[in-house]
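Visitor: here is the input, now give the coordinates:
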Amino acid sequence: MVAISAPRSNTRFTRATIAGNALTSGNAMVTATALRSDRCATATLPASDDFNRGDNSFLGSVWSEAFGNTDVAGNAAQTVSPVSIATLTNVIEPNVAVSADINLPIRSGQSASVVARYQGSGDRDLYYAGITAATNGTFTASINRNVGGVVTVLASKVVTNGTGNIRLETVGRSLKLFVDGTLLLFAYDSRFTDGAVGIRGVTAGTRFDDFLADKIDLTLFNPTNSFTDHFDVAADQQLSHFWQETQGNFKVANGVAANNAAVSMALLNPLFIQVSDATVTANVTTFGSNQFAGLVARASDDGSSYYQAGLSRTAGGNRLVISRVQNGVVTELGSTAVADNFGQLKFQVTGSTLTLTLNPSSATPTVLTVFDSTLTLGTFGLRGTGAVNWDDFTFSA
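Guide: Numbering: from 1, shown residues only. From the prediction side, this is the model:
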């Protein structure tokens, strides 16, 4: 029986079930007359499969075995071939969350991954993320890109075991691997923009259970021209989909958004926010030297060009700094020394006037104003380096 469960609070579901040879989604039912790969039902997202049906050499009516063979055995999907890929039939999506339960025996040589943006024929042209149980006794989690059969490891990390729920999320260029609801790895890549979802196993006997896939519909997350985020609520300690990370990662916990990488940037959903004049504010804190906590204005969708304004902390002291970043080239437009390493920042852009204020509500605010007209339109957000955090973010346009 297939059942739906919600892995994240910001994911929407309708009900889809498989019973026997029939797929039900909402009030519609499609019946496969036989469990044969040439008589497949069309899958729709969200969809899930717990594989609780009789052992069968055919995986199921909504599955397409793209490479190798995967059977139903012991109420789980089990690979038969040295390498196997199975995808949901006729599902092509860009932004998805794909998950499955795995349990890899130590030293088994097995590898279990979930698949997104599969565009290939055979074991090629896809993203996949999961865990490998090496024959030397180690377990390694990884996010991988396969282009024409050539595999590039985008991120990897040694882990203690190969058991748990693995989930791959793809949003724009962002790729994230979660294990049991905790972010383990993240990477950025733009090679594949959409494709099929499914599972990939290496070494016969690799097993998957409780498969779940859903689209992440960014059109549901409109920040509007008046947006506030206090970072009090977060699914899996991540920013909501009102934000799109273009670099690094932000960890949301204890009421703040903290930089979770060397450098991180997050932008308000660029599908909706494309403005010239706006004001952004946030409370920021820096904790050591060579750190920057700032706000972003008029950013391009990919985050390659933008204005940034914030609090820079170095061994030589603290400064307010406004810079222009254009195709990766940083130009400092102005700076002024300040005493504090924390406080409320207000960044206002109006035409060619860019104004950064530290503690605007205090009796003695520090104000830095520069003039530049290079960048005229874009979205707004956060950017930081080192151990810094943000709270009480506001955006108004």
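Visitor: worst-scoring helix or strand of the protein, pLDDT-wise?
Guide: Scoring the helices and strands of the chain by mean pLDDT, DSSP states H and E places strand 28-31 at the bottom, with a mean of 34.
Visitor: so Phe227 sits in a helix?
Guide: No - Phe227: not assigned to a helix; according to DSSP: H, G, I helix; E, B strand; the rest coil it is strand.
Visitor: quickly note the distance from it to Asp392.
Guide: Phe227 sits at a distance of 12 Å from Asp392 (criterion: CB to CB, to the nearest Å). Every C-beta, even on glycine, is put in place using the N, C-alpha and C of the backbone.
Visitor: for Ser304, same thing?
Guide: Distance from Ser304 to Asp392, by CB to CB: 28 Å.
Visitor: ditto for Asn318
Guide: Distance from Asn318 to Asp392, by CB to CB: 20 Å.
Visitor: what about the two, which has more around it?
Guide: Asn318 (19 against 16; other CB atoms under 10 Å).
Visitor: now do the SS call for the more buried one.
Guide: Here Asn318 is recorded as strand under three-state DSSP.
Visitor: now do the contacts for it.
Guide: Thr286, Leu311, Ser312, Ala337, Val338, Ala339, Asp340, Asn341 (CB atoms under 8 Å, 6 or more residues apart in numbering).
Visitor: what residues does the third one make contact with?
Guide: This means Ser312. By CB under 8 Å, 6+ apart, the neighbours of Ser312 are Gln291, Phe292, Asn318, Arg319, Leu320, Val321, Ser335.
Visitor: hang on, isn't Thr152 packed against Asn144?
Guide: Yes - Thr152 lies in contact with Asn144 (CB atoms under 8 Å); the separation is 6.9 Å.
Visitor: the more surrounded of the two?
Guide: Using other CB under 10 Å as the criterion, Thr152 and Asn144 rank with Asn144 on top: 21 against 12.
Visitor: where does the more buried one fall, secondary structure wise?
Guide: strand 139-147 (DSSP states H and E).
Visitor: and the very next helix or strand once past that strand, what's buried?
Guide: Per DSSP H and E, the first helix or strand lying C-terminal to strand 139-147 is strand 150-159. Neighbour-count burial for strand 150-159 flags Leu154, Ala155, Ser156, Val159 (criterion: 16 or more other CB atoms under 10 Å).
Visitor: how many neighbours does the nearest residue to the third one once chain neighbours are set aside have?
Guide: Think Ser156. Ranked by CB to CB, 6 or more residues apart in numbering and with sequence neighbours excluded, the top spatial neighbour of Ser156 is Ser142, at 4.0 Å. Ser142: 22 surrounding residues under other CB under 10 Å.
Visitor: kindly report the same for Gly255.
Guide: Gly255, neighbours per other CB under 10 Å, totals 13.
Visitor: who touches it in this structure?
Guide: His230, Phe231, Asp232, Asp391.
Visitor: rerun at 6 Å
Guide: Contacts for Gly255 were tallied using CB atoms under 6 Å, 6 or more residues apart in numbering; they are Phe231, Asp232.
Visitor: quick one, phi psi at it?
Guide: phi 80, psi 10 (degrees, to the nearest 10).
Visitor: same question for Asp101.
Guide: phi -90, psi 140.
Visitor: look up how far Ser323 lies from the residue nearest to Asp301 when sequence neighbours are not counted.
Guide: Nearest residue to Asp301 in three dimensions, chain neighbours excluded: Pro270, at 4.3 Å (CB to CB, 6+ apart). According to CB to CB, Pro270 stands 20 Å off from Ser323.
Visitor: go on, Gly137?
Guide: Distance from Gly137 to Ser323, by CB to CB: 48 Å.
Visitor: those two: which has the busier surroundings?
Guide: More crowded of Gly137 and Ser323, by other CB under 10 Å: Ser323, with 21 against 8.
Visitor: which residues does the more buried one form a beta bridge with?
Guide: Taking DSSP bridges as the rule, Ser323 bridges to Gln308, Glu332.
Visitor: wait, what's in contact with it?
Guide: Counted by CB under 6 Å, 6+ apart, Ser323 has contacts Gln308, Val330, Glu332.
Visitor: can you pick the most crowded of these?
Guide: Gln308 (24 neighbours).
Visitor: which ones are touching that one?
Guide: Gly294, Val296, Ser323, Arg383.
Visitor: excluding chain neighbours, give the residue nearest to Val349 in space.
Guide: Nearest residue to Val349 in three dimensions, chain neighbours excluded: Ala297, at 4.7 Å (CB to CB, 6+ apart).
Visitor: quick check, pLDDT for the residue lying closest to Thr366 once chain neighbours are set aside.
Guide: With sequence-adjacent residues excluded and distances taken as CB to CB, 6+ apart, Thr366 is closest to Leu358, at 4.4 Å. If you check Leu358, the pLDDT there is 98.
Visitor: got the contact list for Leu358?
Guide: Contacts of Leu358 by CB under 6 Å, 6+ apart are Leu320, Val338, Gly343, Thr366.
Visitor: need phi/psi at the second one.
Guide: Val338 adopts backbone torsions of phi -140, psi 160, taken as degrees, to the nearest 10.
Visitor: beta-bridge partners for it, please?
Guide: Beta-bridge partners, per DSSP bridges, of Val338: Asn318.
Visitor: ok, it - how many residues close by?
Guide: Neighbour tally, Val338, other CB under 10 Å: 18.
Visitor: then the third one?
Guide: For Gly343, the tally of surrounding residues (other CB under 10 Å) stands at 21.
Visitor: doesn't it belong to a strand?
Guide: Yes - remark: Gly343 belongs to a strand, assigned using three-state DSSP.
Visitor: and it, what are its bridge partners?
Guide: Val284.
Visitor: go ahead and confirm it touches Asn359.
Guide: Yes - using CB atoms under 6 Å, Gly343 makes contact with Asn359 at a distance of 4.6 Å.
Visitor: quick revisit: I'd like to know how far the residue nearest to Asp301 sits from Asp302.
Guide: 9 Å.
Visitor: ok, those two, which is more surrounded?
Guide: Shown here are Pro270 and Asp302; by other CB under 10 Å, Pro270 has more neighbours (20 against 15).
Visitor: tell me the SS of the more buried one?
Guide: Going by three-state DSSP: Pro270 is coil.
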